[in-house]
Each structure stands twice: as structure tokens, then as C-alpha cells.
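1. I'll drop the sequence and a predicted model, then ask my questions.
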Amino acid sequence: MFKRGSKLNSIITGSCPKCQKESMYEDKNPLHLSKVLKMNDHCNHCGFKYQIEPSFFYGAMYVSYALNVAVGVAAFIVSFVFFNTTIEQSFLAIIITLVILFPFVLRLSRNLYINMFVSYDPKAGQK
């Protein structure tokens, strides 16, 4: 399921979608907030350029929006249904959850977006 060559591997690890041998990001840790969006220009292994076209990752904002809606709905259901909180407490739970998961959702949306357009190539980077 997570083996090299699967889209899921590239999405979860943030690795190059073409060769999946190195991270797309300068810093692998999304909790370093000052570097959460800093990406390498290209893959050092296969040479794939991550910025496919100017402003390519603006499209990832739509993916991020969908992921944040899903996380917000899940937080509401968990807090309101399972913990029997009030509406106000449930909305507070949504806000706290979204703030805590912000860097993860941000990177995940970029990973999902680039993997919509680029497929794994087992021969990428071979000389």
C-alpha cells in the first residue's frame, strides 16, 4: 500500500511524484512553520521540476479548502455527537483542530495536487 510506485506513498511522504526517492520540501518537518511551504526547485535524483508552470500550486488551495471542510466536519461530528458538547464548544473544537492541523493539511493538499498531474516513472533518474 505504501510501497514505492504508489501515489499514496508520494502523497503521504511528500516525496517526488516522478521517482519518489527524495522529499519535495527543503525541510521534511511540517511543524517548522517558517519553512512549511519551502520546496526544492527540482528533484536532485530525476531532475523533475516541481513548479510545473508559474503559480502551479495555486490550484492546491482548492484541495486545501476541501480537506479543511472535511476536517472541520469530522471535528464537529466527533465533538458534538460523541462528546455531547454544546454548539459553541463544537465550533471551538473545529477552530482548534483546524489551527493545529494547518501545516499538515497545507502540505497534504500540495502533495495531492501535484500527484493529480504527475505519475510515477520507475525509470526516472536512471542514466
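-> Looks like it arrived, so ask away.

2. let me know the average pLDDT across stretch 41-54.
-> The average pLDDT within stretch 41-54 is 91.

3. in this protein, what helix or strand scores lowest on average pLDDT?
-> Lowest by mean pLDDT, DSSP states H and E among the helices and strands of the chain is helix 7-13, with a mean of 92.

4. what is the mean pLDDT for the helix or strand following that helix?
-> Proceeding C-terminally, helix 7-13 gives way to helix 60-77 as the next helix or strand, assigned by DSSP states H and E. Across helix 60-77, pLDDT averages out at 97.

5. in this structure, where's the longest helix?
-> In the chain, taking DSSP state H as the definition, the longest helix is helix 87-117.

6. so which elements touch it?
-> Judged by 3 or more Cβ pairs under 8 Å, 6 or more residues apart in numbering; DSSP states H and E, helix 87-117 is in contact with helix 7-13, helix 60-77. All C-beta spots, glycine's among them, are computed from the backbone N, C-alpha and C.

7. report the inter-axis angle for that helix versus helix 60-77.
-> Orientation check (axes from the mean of the first three to the mean of the last three Cα atoms, to 10 degrees): helix 87-117 against helix 60-77 gives 140 degrees.

8. show me what counts as buried in helix 87-117.
-> By neighbour count on 16 or more other Cβ atoms under 10 Å, the buried set for helix 87-117 is 90-91, 93-94, 97, 101-103, 105-115.

9. now do the contacts for the residue nearest to the spatial centre of the chain.
-> Centroid-nearest residue in the chain, with Cα atoms, centre = their mean: residue 108, separated by 1.0 Å. By Cβ atoms under 8 Å, 6 or more residues apart in numbering, the residues touching residue 108 are 11, 67.
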